[in-house]
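Trainee: Mind folding the following:
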Amino acid sequence: MKKFRLILALLTIVSGIYMIYANVSVSGYRLLTMNSAAGHRVAVSYRWSVVVFLVLVILNALAVFIEKKHKHKPMTCPNCGSVHGEKDKFCKKCGYSFQKR
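Mentor: Residues are numbered from 1 along each chain as shown. Predicted coordinates:
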């Protein structure tokens, strides 16, 4: 999951940088000096870069939410209250079986 979030974050950064580049390219006097075909291509690519950037930001937020939701919490023994890992089958302190749950 961490590799997926890293790749998603990098794609978001690249998309954001391209969005800024395309915005600068179609703003002000630069757009007036372009030929119509190039101006149209850059304007359309700017619109799509904004959409892609927003979708990637939403996916990043969902990935963080899902990772926090599925994060393993330490397990406490209901018999003695000692803290154990999620893979433990028995309590190391009192011998309580976690497989009963």
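Trainee: all contacts plus neighbour counts: C-alpha atoms, from now on.
Mentor: Noted.
Trainee: out of all of them, which helix in this structure is the longest?
Mentor: helix 36-69 (DSSP state H).
Trainee: just how off-centre is it within its chain?
Mentor: Here helix 36-69 is found 13 Å from its chain centre; the criterion is CA atoms, centre = their mean, to the nearest Å.
Trainee: other SSEs contacting that helix?
Mentor: Helices and strands touching helix 36-69, as assessed by 3 or more CA pairs under 8 Å, 6 or more residues apart in numbering; DSSP states H and E, comprise helix 2-25.
Trainee: Run through who's touching the following helix or strand past the helix it packs on.
Mentor: The first helix or strand that comes after helix 2-25 along the chain, using DSSP states H and E, is helix 29-33. Under the contact criterion CA atoms under 8 Å, 6 or more residues apart in numbering, helix 29-33 has outside partners Ser25, Gly39.
Trainee: any idea whether Lys93 is helix, strand or coil?
Mentor: coil (DSSP: H, G, I helix; E, B strand; the rest coil).
Trainee: any idea how far the closest residue to it other than its chain neighbours is from Val14?
Mentor: What sits nearest to Lys93 in space, not counting adjacent residues and going by CA to CA, 6 or more residues apart in numbering, is Ser82, at 7.2 Å. Ser82 sits 47 Å away from Val14, going by CA to CA, to the nearest Å.
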